[in-house]
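Asker: Need the 3D shape of this:
(chains A and B)
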Amino acid sequence: MKSVENAKSASYLQINHEIRRILAEEGIILMPSPEAYEKLDWIRDYFDEKPEEGYFTWIKKQVDHPISTCISISSSNVHQNLRNLIIVENNVKTEVYSICNAVKPSLYGKHVGHSKIILKENSVLDIKQSHKWGIEDDVLSSTEFILEKGATLSSSYKCLTPPKKSKIEIKTSLDSGSSANLEAAFLAKNGDAEMHDSIFLKGDGSSGIVKLRMVSDENSRILSQSKIVATGAGRGHIDCMGLLLSKNSIINSIPELLNTNKNAVLTHEASIGRMSEEELNYLRSRGLTEDEAINLLITGFLGEATVYKPFLPLKESHM
Amino acid sequence: MTLLNSNQKMHTCFKRSVYLFPKHEKIIGSWAILIKYRNNPSRLNYMLEIKNLFVEVRGKSILKSVNLTIGSGEVHALLGPNASGKSTLAYTIMGFPECKVTHGEILFKGKDITHLPIEERAKLGVALAFQNPPAVKGVKLSNLLKRISRQPINFKDFPLDHSLLEREVNVGFSGGERKLCEMTQIISLNPAFVIFDEIDAGLDIMNLEELTRIIQDKLINNGTSLLLITHRGNMLQFLEPNVAHVMLNGEIVCSSRDWRKPWKTILRFGYEKCRECKERELPSD
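Answerer: As a prediction, this is how the structure comes out:
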């Protein structure tokens, strides 16, 4: 929470349905989605209907510090229904750190979040999304990335503390010369997790890579559907790996490639398996217990935790 | 024979004492152990004792009646052709589950570790440098060292490219890098006893010299006991083991306090000659 409050360039903090902090420096417009919908006619096309809650961020100018957002559930039976919109202007390079979480394990919360992220021509976005939920929460999150010509996207999604039920959708469409590198790492335990990601290579010279790492712990079910569709002469790759930790866990991984352009190249690799006994014994021979060794291997498999940069206090805000 | 008689007398004495004072069996037992060690003081300094060990791997008998005693601070070499059971012995001492002990026992500093899990043995001070360590994807060497280190490492003492610390353990490492990675981990564990399973394999002479220098400085000079599994005389020349053993078909057929004797025989006639060599000194135990 601290990292959000001290953000230098822009920050948005919402707890349950209440906006606790919304700050932005010059060059960034940050406001609640319902307010933006009322004030700015031109953004209405990006929403299906008038949003109830969420944020709108318009990054008009290059800023040196990351934008951070945090949306939390702290009370029982809260049902969030968010619509977020991020627009990165032409030639602007920016970073976004986004946290969605429940602060306690058994709040029976429901988090529905739909985000649309537009990368204008030659812009660069590095977005890191981190989710942490309680064991009884229900999560539905969808993100749509639209990359204009020459735009570059690097996106990572992590959820190592899973809810009871989660459905994540990521849809990315790429215009000519744009590239997207999408990573998602998540764990399921005593619940269900679904991941549906699709990449549309619409322009020539576009490229999209999706890298999924999934861990199915006890009494869990993971369904992952990854799809790349090429209509332009682009390159696409799906890299999908799953780890089964328990007898009563299931991973169903479905990669799909659809190519309508003879100059496009689409590939995929997928594997689902158990933890390597050899690696476990190796780590145990260094004095780690079996549980410590398993945790280390899972952390390694899912990728190291996102390191958030220390933020300096915000000097001024421009709304 | 004297020691045997003395032990027999002591055993009889112990039984009588327990019969007379049954409530004090533990105290009498401790007294009996002390007397036993007084009769054979070197036993107190044993780092590792392997007694009549039989081991199976996936139902196949690999080690047969292995006896091996390594004293505190001693360096032993274990020589033998490929598939003679050397690595199986290393994995059995470390406690790998696929090596099933069907008979015999392994004592470490006098404690029976035959059925202890791997990590318990590691915590007691047993360490193994692997011949072919597995790649551990996603785990950086620096992160692993942070979790396992029992003593600070001065990286100036290692010819280690520091970028290696930020790479995933053994992923894409060259042969030399793997050996250095093993060595760094072993030293960070501050072990009492280390098995080096062909740590010299695939190293050029310069790197081998550097590696043996580190073993000498960081382990031997600190009183660590070693079991060197090797095929190469160079390693032995640098480290001068106290005892060299030869293993054939899962048995130790020769143990010599002069490593050059079996080594010369092996060089001249091959390993099989060790079985019939008249100069062999059989294991003392």
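Asker: How about the residues of the stretch 101-250 of chain B by chain A?
Answerer: The stretch 101-250 of chain B comes close to chain A at residues B:117-119, B:122-123, B:127-128, B:130, B:133-140, B:143-144, B:147-148, B:150, B:168, B:185, B:189, as judged by C-beta under 8 Å from any C-beta of the partner chain. Using the backbone N, CA and C atoms, a C-beta is placed for each residue, glycine as well.
Asker: tell me the domain boundaries of chain B?
Answerer: Chain B resolves into domains spanning B:1-39, B:72-99+B:113-276 when parsed by automatic domain parsing.
Asker: least reliable of the ones you listed going by mean pLDDT?
Answerer: For the domains of chain B, the weakest mean pLDDT is recorded on domain B:1-39, namely a mean of 49.
Asker: A:Arg199 looks like it's in a helix, true?
Answerer: Residue A:199: Ile, not Arg. No: the assignment for A:Ile199 (DSSP: H, G, I helix; E, B strand; the rest coil) gives strand, which keeps it out of a helix.
Asker: The closest residue to it other than its chain neighbours and chain B, how far apart?
Answerer: Closest residue to A:Ile199 apart from its sequence neighbours, by C-beta to C-beta, 6 or more residues apart in numbering or on different chains: A:Gly208 at 3.8 Å. Computed as C-beta to the nearest C-beta, to the nearest Å, the A:Gly208 to chain B distance reads 23 Å.
Asker: what about A:Gly208, neighbour count?
Answerer: By the criterion of other C-beta atoms under 10 Å in any protein chain shown, A:Gly208 has 29 neighbours.
Asker: residue ranges for the strands of the stretch 201-319 of chain A, please.
Answerer: A:207-216, A:220-230, A:235-244, A:249-259, A:265-273 (DSSP state E, counting those that start in this stretch).
Asker: Output the last one as CSV, restricted to C-alpha atoms.
Answerer: Okay, so that is strand A:265-273. Coordinates of the C-alpha atoms in strand A:265-273 are reproduced here as CSV (Å, rounded to 0.1, in the frame of the first residue of the first chain):
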residue,chain,number,x,y,z
VAL,A,265,4.9,-17.9,-38.6
LEU,A,266,3.2,-19.3,-35.6
THR,A,267,4.6,-21.8,-33.1
HIS,A,268,3.8,-23.3,-29.8
GLU,A,269,5.3,-25.5,-27.1
ALA,A,270,3.5,-26.9,-24.1
SER,A,271,4.3,-29.3,-21.3
ILE,A,272,2.6,-30.4,-18.1
GLY,A,273,4.4,-32.5,-15.6
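Asker: Stretch A:240-257 near chain B anywhere?
Answerer: No: using C-beta under 8 Å from any C-beta, stretch A:240-257 stays clear of chain B, with a minimum separation of 9.6 Å.
Asker: count of residues packed around the residue of chain B found nearest chain A?
Answerer: Residue nearest to chain A within chain B: B:Gly138 (2.7 Å; C-beta to the nearest C-beta). Counted with other C-beta under 10 Å, the neighbours of B:Gly138 add up to 19.
Asker: secondary structure class for it?
Answerer: Secondary structure, three-state DSSP: B:Gly138 is coil.
Asker: May I have the residues that are in contact with A:His79?
Answerer: A:109-110, A:112 (C-beta atoms under 8 Å, 6 or more residues apart in numbering or on different chains).
Asker: Go again with 6 Å.
Answerer: For A:His79, the contact set (C-beta atoms under 6 Å, 6 or more residues apart in numbering or on different chains) comprises A:Lys110.
Asker: what's the pLDDT at it?
Answerer: Model confidence at A:His79 (pLDDT) stands at 97.
Asker: before we move on, what about A:Leu212?
Answerer: Note for A:Leu212: predicted pLDDT of 95.
Asker: If it is in a bridge, with which residues?
Answerer: Listed by DSSP bridges, the beta-bridge partners for A:Leu212 are A:Ala184, A:Cys240.
Asker: That one reaches A:Ala185, doesn't it?
Answerer: No: applying C-beta atoms under 6 Å, one finds A:Leu212 not in contact with A:Ala185, separated by 7.7 Å.
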